[in-house]
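1. Here's my sequence, what's the structure:
(5 chains)
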Amino acid sequence: MIPLNAYVAVSAVLFIIGLLGVLIRRNFIIVLMSVEIMLNAATINLVAFSHYLESMAGQLVALFIIAIAAGEAAIGLAIIIVVFRGKISTNVD
Amino acid sequence: MTFALTISSSDLLLLLPEILLTSWLCLILIIDFSFPRLPNEQLAYFSIAGLVATLGCLAWFDIAGITGSLFANMFALDRMALFFKMFIVGSTILVILASIDYIHRFKFFRGEYYFLVVMSALGMMFMASANDLLSVFVALEFSTIGFYVLVAYLREDTASNEAGIKFFILGIFAAGLLAYGISLVYGVTGKLVFSDMQAVQATPGLVIGFLLIFGALGFKIGAVPFHSWIPDTYHGAPTPVTAFLSIAPKAAAFAILIRMFFVALATFKPIWALFIVAVSILSMTYGNIVAIAQKNMKRLLAYSGIAQIGNLLIGLATGTKMGSDAMLFYLLTYLFANIGAWAIVIAVSEAIGSEEVDDYSGLGRRSPFLAFSMLIFLLSLAGVPPLAGFIGKLYIFVAAIKEGLYVLITVGLINIVISMYYYLIVVKKMYISEPHDRSPLKISGPIKVVLYVCLAGTLTIGIYPQPVTDWVVSAFLMFSNLADPTAALPVPPTVIPFGG
Amino acid sequence: MLEELASTFPILTCILFLPVIGAVVLWLFDDEDMVRTSALTIALLELALTVFVLLRFIPESSAMQFSEHVPWIPALGISYHLAVDGISVLFVGLTAFLTVLIVIYSWDTVRHQVKLYMMALLALETTTMGVFLSLDLILFFVFWELMLIPSYFLIKLWGGGPERHYAALKFVLYTLLGSVFMLVGIALLDINYHQWATLRHMEPTYSFDLLELLSVPIPLGQQILIFWLLFLGFAFKAPVFPFHTWLPDALFEGPIGMAVVLAGLKLGTFGFIRFSIPLLPDASRSETVVTVIMVLGVAAILYGAIMALVQQDFRRLLAFSSISHLGFVVIGLFALNYQGLQGSLLTMINLGFSTAGLFFIAGFLYSRQQSTQLSSFGGMAKQTPLLASFFLFIGLASIGLPGTNGFIGEFLILLGTFKASWLYGGIAVTGVIFSAAYFLWYYERAMLGPLGKAVKDSIRDLQPREILIASALSVMILWIGLYPAPFLRMMNGSVQALVDRLERGTVASVESKQPVRVD
Amino acid sequence: MTDLLIKLIPLFPLLAVILNGFAGKRYSHDVAHRLAWGSVGLSFLCTIGVFVDILQTGTPHEVIAYQWIFGGDLTINLAYLVDPLTCIMLLVVTGVGLLIHIYSVGYMHGEEGFTRFFTYMNLFMVSMLLLVMGNNYVVLFIGWEGVGLCSYLLIGYYYDKVSAAKAASKAFVVNRIGDAGFLVAIFLIFINFKTLDYTKVFAQVSQLSPEMATAIALCLLVGAVGKSAQLPLYTWLPDAMEGPTPVSALIHAATMVTAGVYMIVRNHAIFDLSPTAMTIVGVIGGLTALFAATIGLVQTDIKRVLAYSTVSQLGYMILGCGIGAYTAAIFHLMTHAFFKALLFLSAGSVIHALSGEQDIRKMGGLSSKIPWTYRLFLIGTIAIAGIPPLAGFWSKDEILAHAFTHHHYLLYGMAAIGALLTSFYMFRLVYLTFYGRSRMDHHTEEHVHESPMVMVVPLMALGVLSIVGGFLGFPPEHGWLHQFLAPVAGTGEEHAVGTGLVLMLMMFATGIALLGWGLAHYFYSENLSAPDHLAAKFQAAYRILLNKYYVDELYDLLWVEPTKKLGLLLDWFDRNVIDGLVRAVAQLADLGAAGATWMEKYVIYSGLNVIGYGNHLAARQWRQLQSGLVHHYAAVIVAGLFLLAVIIQLIMQL
Amino acid sequence: MVQVFFAYFALASIAAGVLTVALRHPVHCGLALLALLLHVSGLFILLNAEFLWAVQVIVYAGAILVLYLFVLMLLNLKTDERYFHSSYLYFLAPAAIGAVYVLALLIRSPFGGAKGDAPNEAVLRDGDTYAVGIKMFSDYLLQFEIVGVFLLGAVIGAIVLAKTPKPITNKHER
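-> Residues are numbered from 1 along each chain as shown, chains lettered A, B, ... in the order given. From the prediction side, this is the model:
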């Protein structure tokens, strides 16, 4: 049996990696990806707890996190496109 | 494990405002798609009609005392939720009114603007009712996603883009923190609903979890040190959006903070009170001091908003019923003064196309009404009697003094003086400085309505606050552990910040 | 029938709000003369109302009269409670009186934005009235703070000095700084009341009402803390010695009308006698408090006087003489005996005639020479004998010549102080010498001697309107100086109650807990 | 009846003040002066009525006009007490006052501020009457300051003269020093007796401890020193001669300056309790008498000589008080009022004749030109010099004799030398003014004329009084005056003094006076170059005397200048340090704001970023989709959270 | 055996995470993220959460990540010379210390929340999907609906931002 805290450790490491990604990367898309890592860390935690605590709530939360991550990715990428396009055009002008 | 969805029509009644608004949201979208030539004013009034209906519904609930909870206690419709919902819907109405003129700056998708605003309002209504961590997360992101778009709505404008992207990055960063915090709290307690979490052991996991949640909410309300997005975003975003951003999400986040701290963490009050004191002191001082140096009205108001949040946190730091009553009251006073001030910024920027403090020179002569309103709002923000802001500050300070938070109070009071300083700079510009251009300013009808409402609110609450105090006092009756102010909460007599 | 009317008519509310309503009415007029006339009418009406109150006031009584009490924010225990007693009634009259004079003075000296000026002035009158009339501490605080707004604009928009912006800002921030501490003190009083009320199951559980607050005991430590908090508020406003630097600036840079109000209506010291001393008698008596305040008071007397001695500008001189006079008031108050309190109270009223009168004189000088610098005067008595005479007369009242009002106040204060402590009394007496020195020296250089170079040949003596102002003040000065009985009778009852309260401390409640009406 | 009269006494002049003060411009000078002296005359008549009543019944009258200041344990009435002492003072004040008023009609004729002058004079009469009539200390104090005010107004009558304006201010301020002392005395009396009425105070005076009595007495003395121009506060009186001469006569010779003496006599019950205070009083009086006389020796201004002589004579009175010779002091006060008023008015007449010339070096030989003035001046001189049987002899000799018989030999010596000097400088004045050859310039000489009758008649009246006034106190120690005043001033313990001793002292005093005359005659009539020789020989002494011992300069150096310096220093301090502190705080706030903004820009968000804040908007970066400062913002959030975590850990000690 | 799988998935996720953050080219980063997501989904399997595994693979890896890559391609981003912030080292040092600290706290921290109403046996018996479904459509129905509207909002928002229709003619404007 794998101890619960092992999962917590993995998720914590991932969370920190994501955090550092946000802090140190310059590229917006990669920052976005780093946030995805953070969210994944959270889902790992949630699923693990869900399993160990024998409660479905954690999985549900994880599911919703994925859904929301999807929506936010869409918006985020749209914003990036706007910015990017706007700059190109201003540059051309 | 069986399927056990038991929802009666009376349960659905509790969701009526949200259902109503959701339907209206769809209607707005449908009308916008179906009648592309519809003048945007009409869509605005249509949206407002829906919001007013919702507001009426909420008011009916409040008066009739219809309360309850749904979905395993995850959706709480108590009087506090009603208060916040009305607050949010009300501020949304004002914001939409104030934006009618501004809309013409958007080259595309004017109709969707209303959709997004109302959608954010809907999300915040859910926040006001959110009684569990999942709802918090979902509703928070739901309301925020609208703002991501709204902030970047001026697609041609670099500043707006910049603001949008900064807000977005930091917003999802906060969402990441929130998600991870929720996961940790869930791990420690095994629960999501706030009221089920009482009396748990304090472990590092729980502390870090709640801290991360607090960080995300602090980001929403813009408290130092989670404030960094505020000035740039406020500056770059379309002004009505800034106005909206500066009040409604903060209120909704406060609803969550109150539930979290007063219910889930009631037993840990001595601890969280301390760090809220620290955050409050930092917010007030930082916001006020940096505001002095601002040359741009939007940035000035942004920093002043940070400081005001510091004031509000004083109420949270007390951890008593009186403190939370005071917070609610303060929020109301802040609503009118704040939206009013922003409406003036909108009006002025519509008229002269500038938001620099310098360009407010001679406003007293160019538009006495605008200048006078601004004076009233600024003074209310500064807490000068008998305006609403004064009573709000008084309420909060009395609550804090009762808890013996002297350090906090002292800092708060000194900050009032500092804030007066920069508010007076604006007043001086408006009334004393010679205008660059003497032509009178035109104010549009909707903005006037907003200003009248805000003026009336500011003055009425200031002069006759009784109904409002009754309201906020009744809004908090459900916290049984706080109902009696002398109840035996683990309250330390004096709190010295920073671990003394 | 009039009797009945008087017993039910909310006259204090009328007094309180008449000016501000008048200010709103002024908004409707565009014609400047119309504005002036209306402002004067309102001010006179207000004066008539206050005179009515003064006439109907029952002297030798410590009761709160004409009381009006309506709950305002019961949740916080805030009420709308107006009343006058021997301590405040005279200030009400004084405020109305001075406002009339200021309106008359401003008739032709304020030339731009007349309407706004008059509105600000009337608004200022309301707030000042509010400070004097309020028995609820929050209501008091509301008016106290509100005062800042018209004051700020008056100084800023109609001030004559080059640094009026700085002065206005300084004035507002200073007062605000003090008053925020005061607010904490007020809140502490409320909390203390609340604790006591919950213990005794008293209703209401929260209260900011002076009379309610007087009925509960306050622990000494708490009292001292609250005392210092209130002290800061009042001391900044008064201003007591080390907190005084806004005063010379505000008086010098601001318009004469504002200076008259600031110098004539001693709100800060009124706060001491209205709230600090009765609410916190044990703290007021405690040794450190008395020592610190006495030292500050005595220092103010000497400091103000010596500073006044070397001022070249008349308004700055008056500012420092104000500070010196306030030193007298403060030591009188904290002599904590009958004569001291009575004398201080009377002196506060007196300053409304003498110091304010001198500011009017400064205004007369200013409107002739566009300056109050010594260098622009000299030997003016020859050209303007009336001006010089009133100048001298009011000045002598301000330095406390017997037969004028100043003497009685100063005499009582010094007598009270001597009763309390020889040391402070002895030092304070020297102030009498300095005051004569600075005033007469200045007068000699400004008015006597050969005609100054800067004095215009065409300089006019006082005009009828100015004579009216000066005579009105002179009559009051002489009246109080020669026959002060009506004034003393009005304050005696309340002063006696105050002395009793000081003797008994907070444990015993004041006798007249129930306010009475005149009927 | 008497009560009514008493109330009326100060009312008449007050009425005149009000009429002349407010309506004076509406009618001619004739009406104004009639009102003025008429009112004083009426007061005088009332006074006589009261006097007669007192004389008959011998009981003092106490009349309350109204309640003035009250509250708590304090009640002060505006009330009058008329007893023999007050009676004498009233007679002197109204009588001499009346004469001087009449004289002024002529003297002030044609002056610009004629009505103003009489208004002030009447106001002075009111104040002086209140001073002597008050039944308590506070009413006395009203009068006390009131006369000071009138003195101020009248000294500064020629207000466009800088010296007059300065002298006026100086008089008032110096007097205020005394007043402050007097105030302290009043407070001490109230604290000890709980009342300020004379009768009540003196009734319980015996309960006073000696120390307290000394304190009160000394404070009273300070008041008296100020008002009566004693050492060290006498300097204002010579300067006060800037006022018109009738003012000098009335205020600065006959009445106001004697208020101090009156006050000490009034309070003799307190002084009697304190031998220390008495000694100090005597010494101050004696020193002043001698000191002022020495200055008088060399002064050249006719009025200043008289002024120093006044100071000196006041010294005698105070000396009298100090040795317990209260009656003698009052006696001398009275005779002094007569002859000094006479002298001043005559001097005024001289000045009037010479069109304003006051320097005796520019006079001479006037005896033939203005004979009446000359005769009357001579009478006054003989009276003041103390040559029997004129008034001055009796009163002065009584003081001297009292000093000798009560073994105050040192004081006696001072007084005797003073008497010699007095006689000398007064006759010097006579010689220089009236004898010898004329030193006037031609223009003045042509216009010399005798004064009009309206001036001369009062002079004559005063002359008569100066001659016969002394007999009120004859025989010494047992005269009518002594008996009259006995109930108030006390008689002191009876000394069995041999008549021989008294006679001897009288002869000695007369001898001194005559010696002074003789010396003056020698120096200024026989040997005209002697004074210059003497002056050249004792140059230093002469210079010191001529410059009045440099006392004014000394006071300037000691008090006035340091105070001004202190004021300037404090002013600097106030502007730069205290206000600077405020400004510094304000600037600090601004600086803090700027600093915080700077820190936000360059430290928190991009201080670590070499690219810097400025180009975070640069298009190139944006094209690369780079986050600019966002990561700094995020870092702040993370750091904040971390900090909070640490705080919580510290609190909870996890 | 389970431990081996766990170790593999855990280490691979961490390695992929590091690569995501550290790789130079954005497309490479995206691919690394894909690896991370897949390995994380493997962890889900170990935890008996098949439904989530499916969602993770289909939605996350399949849809979201493709979107990322699509945008990257669309914008045709070049490799960034200074792909880290120039100051990243200043962040790394304190961040590493903080990370170790937080990690230490978390690893030692007990996570023994109250047991829920879904015992593992029951979940294994009925299947994870069933359990999730039951919960989602009973207790969590509201959140589900909210997410529905949320996604609608996201769609509208994305359109509003990214689509460029003809500008609105200003005929309705004042």
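2. who touches the closest residue to residue E:34 other than its chain neighbours in this structure?
-> Excluding its sequence neighbours, the residue lying closest to residue E:34 (CB to CB, 6 or more residues apart in numbering or on different chains) is residue E:65, at 5.2 Å. (Each C-beta comes from the backbone N, C-alpha and C, glycine too.) Residue E:65 is in contact with E:30, E:33, E:34, E:37, counting by CB atoms under 8 Å, 6 or more residues apart in numbering or on different chains.
3. Show me what from the stretch 201-350 of chain B comes close to chain A.
-> By CB under 8 Å from any CB of the partner chain, the residues of the stretch 201-350 of chain B that approach chain A are residue B:205.
4. and whichever helix or strand residue D:335 is part of, what other elements does it pack with?
-> Applying DSSP states H and E as the criterion places residue D:335 in helix D:326-353. Judged by 3 or more CB pairs under 8 Å, 6 or more residues apart in numbering or on different chains; DSSP states H and E, the packing partners of helix D:326-353 are helix D:84-107, helix D:245-249, helix D:259-266, helix D:302-322, helix D:371-385, helix D:391-405, helix D:453-468, helix D:480-489.
5. Nearest the middle, which residue of chain A would you pick?
-> residue A:36 (1.9 Å; CA atoms, centre = their mean).
6. quick one: it from residue A:72, how far?
-> Distance, residue A:36 to residue A:72, by CB to CB, to the nearest Å: 9 Å.
7. Tell me if I'm right that residue B:373 and residue B:340 touch.
-> Yes: between residue B:373 and residue B:340 there is a contact at 6.2 Å, judged by CB atoms under 8 Å.
8. The two - which one has more neighbours?
-> residue B:340 (28 against 24; other CB atoms under 10 Å in any protein chain shown).
9. circling back: out of the helices and strands packed on helix D:326-353, which gets nearest to residue C:129?
-> helix D:259-266 (46.0 Å; CB to CB).
10. and for that closest one, what are the contacting residues?
-> D:85, D:89, D:128, D:131-132, D:140, D:143-144, D:147, D:178, D:182, D:198, D:220-221, D:223-228, D:230, D:271, D:281, D:314, D:317-318, D:320-321, D:326, D:329-330, D:333, D:488-489.
11. that older thread, what's the average pLDDT for the helix holding residue D:335?
-> For helix D:326-353, mean pLDDT rounds to 87.
12. cool, and stretch E:127-147?
-> pLDDT averaged over stretch E:127-147 gives 87.
13. That stretch: end-to-end distance?
-> For stretch E:127-147, the first-to-last residue distance is 24 Å (CA to CA, to the nearest Å).
14. what's in contact with that stretch?
-> By CB under 8 Å, 6+ apart, stretch E:127-147 touches A:56-57, A:59-60, A:63-64, A:67-68, A:71, B:1-5, B:7, B:15, B:70-72, B:74-75, B:123, B:126, B:134-135, B:138-139, B:142, E:48-52, E:118, E:122-123.
15. Which among those residues count as buried?
-> Among those, those scoring as buried are A:56-57, A:59-60, A:63-64, A:67-68, A:71, B:1, B:15, B:70-72, B:74-75, B:123, B:126, B:134-135, B:138-139, B:142, E:48-52, E:118, E:123 (criterion: 16 or more other CB atoms under 10 Å in any protein chain shown).
16. Narrow those residues to those in helices?
-> Counting by DSSP state H, these place A:57, A:59-60, A:63-64, A:67-68, A:71, B:123, B:126, B:134-135, B:138-139, B:142, E:50-52, E:123 in helices.
17. what about stretch A:53-70 and chain B, touching?
-> Yes: under the criterion of CB under 8 Å from any CB, chain B is reached by stretch A:53-70 at A:53, A:55, A:57, A:58, A:60, A:61, A:64, A:65, A:68.
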